[in-house]
Structure formats: C-alpha cells, structure tokens
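Chemist: No sequence on hand, only this structure:
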C-alpha cells in the first residue's frame with residue numbers, strides 16, 4: 001500500500017509564493033503519473049497541473065505561467081511551486097499519484113490521494 005504525504009501550504013499574501021510537496025512511499029521506478037487538484041469552498045474540484053513519467057507536464061489556464069509542477073525521482077516526491085498567488089487561488093490542494101505494476105504480464109495502474117492541504121491567499 002502506497003502512502004502519500006502532503007506538506008506545504010498555509011497563509012500567504014497576494015503576490016506571494018508557496019511550494020506544495022507530495023511524497024510517496026514505495027518504489028519510484030513504478031511512477032506513472034501525478035496531478036495536483038484544488039477545490040475552493042462551494043466550488044467543484046479542478047485540475048491544476050499534471051506530470052507524466054518522462055517529464056511531460058500540462059497546466060490549467062489559470063496556472064500556466066504562475067505554477068510549476070515537478071518531480072524528484074530520488075525522493076519520489078512531486079512538487080507544485082506556486083507564485084504570483086491571488087485570492088482566487090485559495091482552496092484545498094490535493095495531489096494524486098498513479099503507479100504502474102506489471103502483474104501476470106499486464107500493466108495495472110493504481111492511484112493514491114494525498115490528504116489535502118489548505119492554501120489561503122489573503123492580506
């Protein structure tokens with residue numbers, strides 16, 4: 001069973017920066033895909049950014065140019081660096097990490113969620 005532990009987050013002033021971390025247990029060699037999501041109070045969850053094995057990244061329009069998703073394979077950790085934060089970025093941010101395993105000749109995929117962390121952008 002893979003465990004996902006998130007860290008980072010908190011209160012930051014508009015224009016400030018924060019870095020979120022998402023550390024996974026287990027074998028980093030089985031990493032397949034990761035994504036950050038956020039959910040603001042009263043709103044639906046939305047995807048912020050994704051990172052695929054091989055390094056390909058994607059971003060939501062609101063995140064592009066301000067947020068950066070990255071991964072440290074040695075630490076089996078995914079990061080979300082957020083800058084130029086705005087009050088509308090206030091939300092609970094959660095990571096989802098997917099691993100692949102070869103089982104009886106077929107690839108099987110399992111994804112795991114972090115516990116979520118509050119990010120509040122306010123003066």
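Modeler: In hand now; what should we look at? Small disclaimer: the values here were computed from a predicted structure and weren't measured.
Chemist: Please make it C-alpha for all contacts and neighbour counts, starting now.
Modeler: OK.
Chemist: my read: residue 7 touches residue 24, true?
Modeler: No: contact criterion Cα atoms under 8 Å: residue 7 and residue 24 do not qualify, at 11.6 Å.
Chemist: Could you check which of the two is surrounded by more residues?
Modeler: residue 24 (21 against 16; other Cα atoms under 10 Å).
Chemist: hang on, isn't the more buried one packed against residue 3?
Modeler: Yes: Residue 24 lies in contact with residue 3 (Cα under 8 Å); the separation is 5.7 Å.
Chemist: and residue 3, how far is that from residue 107?
Modeler: Residue 3 sits 20 Å away from residue 107, going by Cα to Cα, to the nearest Å.
Chemist: Which one's more surrounded, the two?
Modeler: A count of neighbours by other Cα under 10 Å puts residue 3 above the other of residue 3 and residue 107, at 13 against 10.
Chemist: Look up how far residue 15 lies from residue 30.
Modeler: As for residue 30, its distance to residue 15 is 37 Å (criterion: Cα to Cα).
Chemist: no no, residue 106
Modeler: Relative to residue 15, residue 106 is positioned 47 Å away (criterion: Cα to Cα).
Chemist: residue contacts, residue 36?
Modeler: Contacts for residue 36 (Cα atoms under 8 Å, 6 or more residues apart in numbering) come out as 47-50, 80, 93-96.
Chemist: Sorry, wrong one. I was asking about residue 109.
Modeler: Here residue 109 is in contact with 98-101 (Cα under 8 Å, 6+ apart).
Chemist: how about 10 Å then?
Modeler: Listed by Cα atoms under 10 Å, 6 or more residues apart in numbering, the contact partners of residue 109 are 30-33, 98-103.
Chemist: Check these and tell me the two furthest apart.
Modeler: 33 and 103 (18.2 Å; Cα to Cα).
Chemist: Out of those two, name the residue with the larger neighbour count.
Modeler: residue 33 (21 against 9).
Chemist: residues touching the more buried one, list them.
Modeler: Contacts for residue 33 were tallied using Cα under 10 Å, 6+ apart; they are 50-57, 78, 96-100, 109, 111.
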